[in-house]
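In: coordinates for the following, if possible.
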Amino acid sequence: MKVCAIKFKTSSKSYLFKYDNLELNNNDHVIVETEKGTQYGKVVDIDVENTKNINIDKMKPVLRLASDKDEKDYEKNLRQSKEALDFAKKKAMELNLDMRIVDASYTLDKKQLTFNFVADERIDFRDLVKELASKYKTRIELHQMGVRDKAKEVGGLGPCGRALCCSGFLNGVDSISINMAKNQNIALNPSKINGLCGRLLCCLSYEDDVYTEHRKCLPKMGEIVKTSDGEGKVVSLDVLNKKYSVNIDGDIKEYGCQDYKKRN
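Out: This is a model prediction of the structure:
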């Protein structure tokens with residue numbers, strides 16, 4: 001039994017599925033079983049190796065390679081999902097619901113139609129669900145997205161000029177705190193440390209462990225330290241290079257981790 005990674009949309013995260021007795025290649029289109037019904041997806045990794053903490057027996061399977069009919073049904077569903085999105089937006093306005101519906105998607109078997117929306121607070125959308133269920137005669141699910149989820153679905157370019165990490169390669173977002181920016185000596189300017197979603201940049205977590213480890217052998221800013229040239233006050237840190245500068249009677253001198261000695 002092998003495990004593969006599959007994406008359902010170009011900008012969405014990948015999900016793991018098990019398969020056996022199938023010859024799969026990267027970029028193959030396949031039909032998989034999900035909790036919402038059968039779905040049409042694309043293989044992005046035919047052999048996921050890191051599965052130590054995954055219960056493969058409970059994993060959903062790849063059912064088959066997608067046929068020409070599956071592809072036509074999928075494309076038809078995309079068109080009808082767009083029509084359903086327009087209808088839902090119109091009804092939400094008529095019902096005076098303070099929400100913005102971002103997208104809509106059918107499962108391949110059309111047993112479920114899911115709408116993702118953004119709202120500042122909880123929304124009573126029961127009347128909207130009734131309207132949608134009456135028109136489309138299928139199970140309706142409305143899912144309130146967080147701002148990070150919205151950024152992942154919509155995509156865009158980050159301040160670095162590259163495509164957003166969340167809509168590209170990230171399969172999940174780790175806990176990110178303002179302390180990570182402080183740890184890396186980044187100015188706490190919202191325009192510098194916040195992403196398009198308005199939340200702290202995902203990439204703040206990438207190097208945080210390295211900064212934390214390097215700081216263990218460095219003094220703190222403003223600390224009085226002993227050096228071979230006398231005592232002085234730490235005035236700057238170069239964490240990545242494990243260096244610090246000390247003001248000794250007006251002279252600024254640079255030292256490394258191996259030189260660090262606390263004053264008693």
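In: now residue 7. Nearest residue, chain neighbours left out?
Out: Beyond its immediate neighbours in the sequence, the residue positioned closest to residue 7 (C-beta to C-beta, 6 or more residues apart in numbering) is residue 14, lying 4.9 Å away. Every C-beta, even on glycine, is put in place using the N, C-alpha and C of the backbone.
In: residue 47 now?
Out: In this structure, residue 47 finds its nearest non-sequential neighbour in residue 2, 5.8 Å apart by C-beta to C-beta, 6+ apart.
In: need the contact list for that neighbour.
Out: By C-beta atoms under 8 Å, 6 or more residues apart in numbering, the contact set of residue 2 is 18, 19, 20, 46, 47.
In: ok, now residue 27?
Out: Residue 27 is in contact with 42, 43, 44, counting by C-beta under 8 Å, 6+ apart.
In: would you list the residues you listed in JSON lines and tack on distance to residue 63 and pLDDT?
Out: Conversion of those to JSON lines gives the following (distance: C-beta to C-beta, whole Å; pLDDT from 0 to 100):
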{"residue": "42", "distance to residue 63": "15", "pLDDT": "93"}
{"residue": "43", "distance to residue 63": "13", "pLDDT": "92"}
{"residue": "44", "distance to residue 63": "18", "pLDDT": "89"}
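In: out of the residues you listed, flag the one nearest to residue 99.
Out: Among those, residue 42 lies closest to residue 99 (C-beta to C-beta), at 30.2 Å.
In: let me know the secondary structure of the closest one.
Out: Reducing the assignment to helix, strand or coil with DSSP: H, G, I helix; E, B strand; the rest coil, the entry for residue 42 is strand.
In: check the one 5 residues further on too.
Out: Of the three states, residue 47 takes coil under three-state DSSP.
In: and it, how many neighbours?
Out: Neighbour count for residue 47, taken as other C-beta atoms under 10 Å: 11.
In: list the contacts of it.
Out: Going by C-beta under 8 Å, 6+ apart, residue 47 touches 2, 3, 4.
In: surely residue 208 and residue 184 touch.
Out: Yes - with contact defined as C-beta atoms under 8 Å, residue 208 counts as touching residue 184 (6.9 Å).
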